[in-house]
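1. Any chance you could fold what I've pasted below:
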Amino acid sequence: MGRKSTKENKNIYQTSREDMNYSREAAAEKLGFISSDRIEKIENERTLPHPEEVLAMADCYKNPSLCNYFCSHECPIGIEYVPEIKAKELSQITLEMLATLNKLAREKERLIEITVDGELSEDELPDFFKIKEELAKMALAIDSLNLWLDHTIATGKIDKHLLPDKFC
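-> Presented below is the predicted three-dimensional model:
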């Protein structure tokens, strides 16, 4: 095992590798197709990783959030369209989801009124965008739940083989 880095501002790729107690050489060996030199360049932000490298690191380092980080911070398309998902506890995710569901239940009738004619009038826009914002919160809560599940599986707290095929 190599010596531990004392660098202060480590990026997510380096902290994820170090959380597994892998040296760059050990990580390169486990990854198989990424050299320790390339890992060093990615960790020191001299180059961006390729998507297939991020997928492999996420799996090897047991940190699925690397994929969301890459998409929301480094991919030109993802920066525009993919929100960053912060790791949260299951209880917090559930409470956020339920609060949003309750709010959406109250807004359901208004959404039907707004959309029944297939058009949005000027006076309907404020309500429509308020509902759209709540739907975005729900989508983020669902993404958080999926990330939590992926992390729980990756770290072995849930046996992947116990899940129905459609979840694997």
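2. If we go by neighbour counts, what in the biggest helix by length in the chain is buried?
-> Longest helix in the chain, counting residues (DSSP state H): helix 125-154. By 16 or more other CB atoms under 10 Å, the buried positions in helix 125-154 come out as 128, 131, 134, 137-138, 140-141, 143-145, 147-151, 153-154. For every residue, glycine as well, the C-beta is placed using N, CA and C.
3. Helices along the chain, start to end?
-> Taking DSSP H as the criterion, the chain carries its helices at 12-19, 24-31, 36-43, 51-60, 65-73, 76-81, 90-115, 125-154.
4. which residues does the most centrally placed residue in the chain contact?
-> With distances taken as CA atoms, centre = their mean, N68 lies nearest the centre of the chain, 3.4 Å away. By CB atoms under 8 Å, 6 or more residues apart in numbering, N68 lies in contact with 82, 84-85, 143, 147.
5. so where is this protein shaky, pLDDT-wise?
-> Residue ranges of the chain with pLDDT under 70: 1-6, 166-168.
6. Redo the helices of the chain as JSON lines? Include distance to P164.
-> Below are the helices of the chain laid out as JSON lines (distance: least, CB to CB, whole Å):
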{"stretch": "helix 12-19", "distance to P164": "28"}
{"stretch": "helix 24-31", "distance to P164": "29"}
{"stretch": "helix 36-43", "distance to P164": "35"}
{"stretch": "helix 51-60", "distance to P164": "21"}
{"stretch": "helix 65-73", "distance to P164": "22"}
{"stretch": "helix 76-81", "distance to P164": "29"}
{"stretch": "helix 90-115", "distance to P164": "19"}
{"stretch": "helix 125-154", "distance to P164": "12"}
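7. Nearest to L162 among those would be which one?
-> helix 125-154 (9.7 Å; CB to CB).
8. so what secondary structure elements neighbour the closest one?
-> For helix 125-154, the contact count by 3 or more CB pairs under 8 Å, 6 or more residues apart in numbering; DSSP states H and E identifies helix 65-73, helix 90-115 as packing neighbours.
9. Out of those, which one sits most buried?
-> helix 65-73 (a mean of 20; mean count of other CB atoms under 10 Å).
10. contacting residues around stretch 22-29?
-> Residues from elsewhere that reach stretch 22-29 (CB under 8 Å, 6+ apart): 1-2, 17, 20, 30, 34-36, 38-40, 43, 57, 60-61.
11. Closest to E124 out of those?
-> M57 (46.1 Å).
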